[in-house]
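In: coordinates only, no sequence provided:
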């Protein structure tokens, strides 16, 4: 019986995957090369973990490839949702939350 080997990932690919998996804990991407930052951005997109905070974090890197990708995807900035003191489901009664 012939055993088939699974394709092995490089160490860089494994690290990119690990960073993309824990992307909600990222605070800065300063000092990373553009290629590495773009690879992390693509991995975050592939995992479906892009949030407005992460988008702003990637945007602040000023890398052209990320800005072009965001423009090509037509990602729009979402205005912040402000908490209200009224719960419209309860009509005019104040919300207690």
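Out: The structure has been received and is ready for your questions. Because the structure is predicted, anything quoted here is derived from the model rather than measured.

In: wait, doesn't residue 41 sit right on residue 69?
Out: Yes: counting by CB atoms under 8 Å, residue 69 is a contact partner of residue 41 at 6.8 Å. Every residue, glycine included, has its C-beta placed from N, CA and C.

In: ok, the two, which is more surrounded?
Out: Neighbours of residue 41 and residue 69, each counted by other CB atoms under 10 Å, are more numerous for residue 41; the result is 25 against 16.

In: and the helix or strand where that one lies, how far out from the chain middle?
Out: Assigned by DSSP states H and E, residue 41 belongs to helix 34-47. Relative to its chain's centre, helix 34-47 lies at 8 Å (CA atoms, centre = their mean, to the nearest Å).

In: buried residues in the helix or strand that it is followed by, which are they?
Out: Moving toward the C-terminus from helix 34-47, the next helix or strand (DSSP H and E) is helix 52-59. Across helix 52-59, burial judged by 16 or more other CB atoms under 10 Å covers 54-55, 57-58.

In: and the helix holding residue 41, what does it pack against?
Out: Judged by 3 or more CB pairs under 8 Å, 6 or more residues apart in numbering; DSSP states H and E, the packing partners of helix 34-47 are helix 11-21, helix 52-59, helix 64-73.

In: for the ones you listed, which one sits closest to residue 79?
Out: helix 52-59 (9.5 Å; CB to CB).

In: that closest one packs against which elements?
Out: Going by 3+ CB pairs under 8 Å, 6+ apart, helix 52-59 lies up against helix 34-47, helix 64-73.

In: pick the most deeply packed of the ones you listed.
Out: helix 34-47 (a mean of 17; mean count of other CB atoms under 10 Å).

In: how close does the residue most central in space within the chain sit to residue 70?
Out: Nearest to the mean C-alpha position of the chain, by CA atoms, centre = their mean, lies residue 50 at 2.8 Å. Remark: distance between residue 50 and residue 70 (CB to CB, to the nearest Å) = 10 Å.

In: ditto for residue 18
Out: 23 Å.

In: cool, residue 29 as well?
Out: Distance from residue 29 to residue 70, by CB to CB: 14 Å.

In: fine by me, thanks again.
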